[in-house]
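My questions are about this predicted structure, shown below with the sequence.
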Amino acid sequence: MKRQSAASEILKNMPLLLGGVFLIYLAVVDETIFTAITMGNLNNRILVTIATTLAAGIPMFFAVGLVKKSVLVGQETIYYYEELLKRRSFWILTIVLLAIISTLVLLQGRVATIEGLVAIIGSVSLSIYLTIYTRKL
């Protein structure tokens, strides 16, 4: 019976899991944040290093939170991260990140590409869901 309740908990939080997978996609595949930071200047190694770290690290930080709330329900992780997930500020910052990514895609003129469309549609959809989710907290 415990296994069935864990599966139903995962199904209940499926949008959070899909949102986490989307943020992992943004961290690994999408180059919106990287391009915005470097602004085409790939000659400066320090700037490229910082841009790579931020472009991968920021979405991944929030992706871990979404995956934690969906799949790892009841599992204890880092105490301070657990406390952060209980606050509305984490979810609001995730929405802000998604809004920034959407804006950057629009400013970079990547809406006509498949990657740009995926970023815009995913960001808007996840933002809407997280707004509803945050109101329930």
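Great, that's in hand.

before we move on, what SS does V73 have?
What DSSP: H, G, I helix; E, B strand; the rest coil gives for V73 is coil.

For it, give its distance to S102.
Remark: distance between V73 and S102 (CB to CB, to the nearest Å) = 29 Å. Using the backbone N, CA and C atoms, a C-beta is placed for each residue, glycine as well.

and if you look at R88?
21 Å.

And the two? Which one has more around it.
Per other CB atoms under 10 Å, whichever of R88 and S102 has more neighbours is S102, with 20 against 10.

nearest spatial neighbour of the more buried one, skipping sequence neighbours?
S123 (4.5 Å; CB to CB, 6 or more residues apart in numbering).

same deal with L137?
In space, L137 is closest to R88, 5.7 Å off (CB to CB, 6+ apart).

Which residue ranges of the chain form helices?
2-12, 14-28, 32-38, 45-70, 79-85, 88-107, 114-136 (DSSP state H).

got TSV for those helices, with mean pLDDT too?
Shown next, in TSV, are these (pLDDT from 0 to 100):
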stretch	mean pLDDT
helix 2-12	68
helix 14-28	94
helix 32-38	92
helix 45-70	93
helix 79-85	90
helix 88-107	95
helix 114-136	94
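
The closest residue to E31 other than its chain neighbours and L66, how far apart?
In space, and not counting its chain neighbours, E31 is closest to A55: 7.0 Å by CB to CB, 6+ apart. Distance, A55 to L66, using CB to CB: 18 Å.

With T52 instead?
For T52, the distance to L66 - CB to CB - is 22 Å.

These two: which is more packed in?
L66 (27 against 15).

The more buried one against L26, yeah?
No. The criterion here is CB atoms under 8 Å, and L66 misses it with L26 at 11.7 Å.

hang on, G122 packs against G20?
No. Contact between G122 and G20 fails when scored by CB under 8 Å: they sit 11.6 Å apart.
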